[in-house]
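> Predicted model and sequence follow; I will ask about them next.
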Amino acid sequence: MSTRPVLGIGVVGFGWMGQAHSRSAARIASLFPERVFDTALVVCGDNVAERREQAVSGVGFREAVEDWRAVVDHPDVDVVYVTAPNMMHEEIAIAAAEAGKAVFCEKPVGGTPDQTVRIEAAARRAGVITGVGYNYRWAPLVQHAKALIESGRLGEITNYRGRFFSMYGADPMGLLSWRFLVDEAGYGVSSDILSHAVDLAHMLLGPITEVSGTRETFIRERPLPKAGGTHYDRGQPGDPTGEVTNEDYAAAMVRFANGARGTFESSRAIIGPESQMAFDVYGTKGALRWNLETMNEMQVFLVDDDGRAPRGYTTVYAGDRYPYHGHFVPGDANAIGYEDLKVIENYEFLTAVATGEQHRPGFSEAVDYVSFQSAWLRSCESGAWETVNSIRQD
Ligand SMILES: NC(=O)c1ccc[n+]([C@@H]2O[C@H](COP(=O)([O-])OP(=O)(O)OC[C@H]3O[C@@H](n4cnc5c(N)ncnc54)[C@H](O)[C@@H]3O)[C@@H](O)[C@H]2O)c1
């Protein structure tokens with residue numbers, strides 16, 4: 001019999017992310033034999049009946065409820081996953097923290113910078129472990145990129161190019177789901193996907209000190225959604241439409257604290273890149289490029305010791321010599337997938353919960369992003385470069 005503590009899992013919002021976290025928590029035992037905890041899927045909250053049914057019959061929760069408060073208040077729940085639309089994060093995450101639960105909130109942790117700041121402060125006051133879903137940090141080759149940069153192998157980093165382009169909103173017949181509405185999502189791509197690109201740069205290069213930003217909404221009307229639809233569903237010509245109330249496109253020029261310069265671009269209404277969460281890092285002795293669309297490959301260009309440049313980039317394939325990869329498949333060039341990153345993320349977060357050590361990225365790193373976002377928003381209005389200051393609440 002196992003003597004590991006069993007962490008009771010509660011999930012609020014059983015859409016894409018709620019399902020991904022639930023399945024991932026359940027897979028940890030088979031993939032990480034060295035774990036110091038076990039998990040139990042206790043209760044799932046969703047306001048759509050079919051999703052509650054799937055949570056119990058398909059994924060193995062003991063029960064499913066309509067009212068999220070029953071998740072937060074459940075005595076067997078130790079960890080609450082907040083995977084509902086962004087503008088619901090604040091109420092649920094603060095209630096969970098005040099109930100003494102560890103809280104994993106999907107990015108961006110609230111729909112506005114003010115909400116993120118209030119959530120972080122409440123969790124800090126409650127003294128609970130927090131986590132945020134910046135899952136691309138955990139890709140084995142991204143971990144390798146970080147090690148290469150820190151080792152100095154790329155020399156001094158001169159510039160960085162980050163982007164997250166997704167076609168999820170490229171079709172004007174794509175439904176007006178919660179992501180396109182300021183009342184339900186808060187900001188648009190700057191919260192939804194630029195946040196991932198900037199968070200990864202924070203991890204790889206450190207803080208950003210100055211930003212110049214711009215934004216646009218290209219598709220201003222969309223068909224109204226049906227119950228249970230997602231941002232990948234489509235309407236029909238003639239369907240009633242509504243107004244898109246947040247941005248489709250966000251871009252920035254930046255200066256990092258370490259002196260490097262950089263650019264970021266993000267769009268959900270773009271044709272071509274389907275899920276291009278990508279970065280390029282350029283240093284005085286080498287360069288790297290990685291793209292989620294080919295997440296098991298990284299392009300590496302290293303100048304020889306005698307200072308001569310080889311011809312072109314070399315492809316490095318992911319494999320069990322890089323962090324975490326061997327937990328899923330042995331050997332080289334046997335691929336892992338998107339949801340495997342959620343398993344790694346949950347393994348690390350739940351290890352922190354079981355050992356009582358704060359997890360990174362937690363709500364503090366979510367505030368780092370919205371501190372950048374606040375300066376970016378000011379710059380979009382002023383047209384000038386703006387300084388990035390921490391907006392963390394004391
Ligand atoms: N880390 C990532 O890569 C990533 C990817 C996608 C989404 N996200 C984040 O995850 C969160 C959820 O996004 P998603 O794509 O899973 O959305 P989704 O629309 O697929 O799921 C949202 C779920 O919340 C439920 N819900 C809505 N109102 C509710 C209520 N009052 N009570 C209980 N449940 C309710 C919906 O029925 C739905 O099942 C967002 O914050 C989003 O930014 C993160």
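The structure has been received and is ready for your questions. Residues are numbered from 1 along each chain as shown.
> where do the helices sit along this protein?
Taking DSSP state H as the test, the helices found in the chain are 16-31, 49-57, 69-72, 89-98, 113-126, 140-151, 182-185, 189-192, 194-205, 338-355, 363-382.
> any idea which of the ones you listed is most buried?
Mean neighbour count (mean count of other CB atoms under 10 Å) peaks for helix 189-192 among these, with a mean of 28. Quick note: C-beta positions are derived from backbone N, CA and C, even for glycine.
> Flag the shaky bits of this structure, pLDDT-wise.
For the chain, the stretches with pLDDT under 70 are 227-231, 309.
> Now do the domain split for this protein, please.
6-135, 140-294+296-336 (automatic domain parsing).
> any chance of the ones you listed in JSON lines, plus distance to the ligand?
Output for the domains of the chain, formatted as JSON lines (distance: least, CB to the nearest ligand atom, whole Å):
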{"stretch": "domain 6-135", "distance to the ligand": "2"}
{"stretch": "domain 140-294+296-336", "distance to the ligand": "5"}
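> just those domains: most buried one?
It is domain 6-135: most buried of those by mean count of other CB under 10 Å, with a mean of 21.
> What's the end-to-end length of that one?
Start-to-end span of domain 6-135 (CA to CA, to the nearest Å) is 24 Å.
> Tell me how far it lies from the chain's centre.
Distance of domain 6-135 from the chain centroid (CA atoms, centre = their mean, to the nearest Å) equals 15 Å.
> cool, stretch 237-249 as well?
Per CA atoms, centre = their mean, the centroid offset for stretch 237-249 relative to its chain is 24 Å.
> can you give me the end-to-end distance of it?
Start and end residues of stretch 237-249 are separated by 25 Å (CA to CA).
> which residues touch it?
169, 173, 176, 180-183, 185-190, 215-224, 235, 265-270 (CB atoms under 8 Å, 6 or more residues apart in numbering).
> Check stretch 368-375 too.
107-110, 112-113, 116-117, 187, 190-191, 194-195, 198-199, 202, 207-208, 210-211, 213, 386-392.
> Over to stretch 171-179?
For stretch 171-179, the surrounding residues in contact (CB under 8 Å, 6+ apart) are 85-86, 168-169, 184-185, 188, 192, 219, 221-226, 229-237, 241-242, 244, 268.
> Restricted to strands, list the residues you listed.
221-223, 241-242 (DSSP state E).
> Turn these into JSON lines, including distance to residue 130.
What follows is the ones in strands among the contacts of stretch 171-179, written out as JSON lines (distance: CB to CB, whole Å):
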{"residue": "221", "distance to residue 130": "38"}
{"residue": "222", "distance to residue 130": "34"}
{"residue": "223", "distance to residue 130": "37"}
{"residue": "241", "distance to residue 130": "38"}
{"residue": "242", "distance to residue 130": "34"}
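> got the contact list for residue 306?
Applying CB under 8 Å, 6+ apart, no residues qualify as near residue 306.
> Thought residue 274 was touching residue 170, still the case?
No. Counting by CB atoms under 8 Å, residue 170 sits too far from residue 274 to count as a contact (9.1 Å).
> For the chain, list the residue farthest from the centre, please.
In the chain, residue 306 marks the outermost C-alpha relative to the chain mean, sitting 40.1 Å out by CA atoms, centre = their mean.
> ok, it to residue 316 distance?
From residue 306 over to residue 316 the distance is 22 Å, taken as CB to CB, to the nearest Å.
> if I look at the residue nearest in space to the middle of the chain, how far off is residue 361?
The centroid of the chain falls nearest to residue 134 when counting by CA atoms, centre = their mean (3.0 Å). Distance of residue 134 to residue 361, computed by CB to CB: 5 Å.
> Overlap in contacts, these two.
Residues touching both residue 134 and residue 361 by CB under 8 Å, 6+ apart: 199, 203.
> picking that back up, redo the helices of the chain as TSV? Include distance to residue 311.
Output for the helices of the chain, formatted as TSV (distance: least, CB to CB, whole Å):
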stretch	distance to residue 311
helix 16-31	39
helix 49-57	52
helix 69-72	56
helix 89-98	49
helix 113-126	46
helix 140-151	20
helix 182-185	46
helix 189-192	37
helix 194-205	26
helix 338-355	33
helix 363-382	37
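> Just list whatever residues bridge to the residue nearest to residue 161 when sequence neighbours are not counted.
Leaving aside its sequence neighbours, residue 161 sits nearest to residue 280 (CB to CB, 6 or more residues apart in numbering; 4.2 Å). Residue 280 has these beta-bridge partners by DSSP bridges: residue 161, residue 289.
> Residue 280 is in contact with residue 298, isn't it?
No. Between residue 280 and residue 298 there is no contact under CB under 8 Å: 10.9 Å.
> who touches both of these two?
288-289.
> First-to-last residue distance for stretch 221-236?
End-to-end for stretch 221-236, by CA to CA: 13 Å.
> Could you do stretch 91-111 as well?
End-to-end for stretch 91-111, by CA to CA: 12 Å.
> again with stretch 120-131
Terminal residues of stretch 120-131 are spaced 10 Å apart (CA to CA).
> Which residues does that stretch contact?
So stretch 120-131 is in contact with 93-94, 96-98, 100-105, 109, 345, 349, 352-353, 356-359, 361-364, 366-367, 392-393, going by CB under 8 Å, 6+ apart.
> now do stretch 270-280
For stretch 270-280, contacts defined as CB under 8 Å, 6+ apart pick out 136, 145, 160-167, 170, 193, 196-197, 200-201, 204, 249, 287-293.
> Endpoints of it, how far apart?
End-to-end span of stretch 270-280 (CA to CA): 20 Å.
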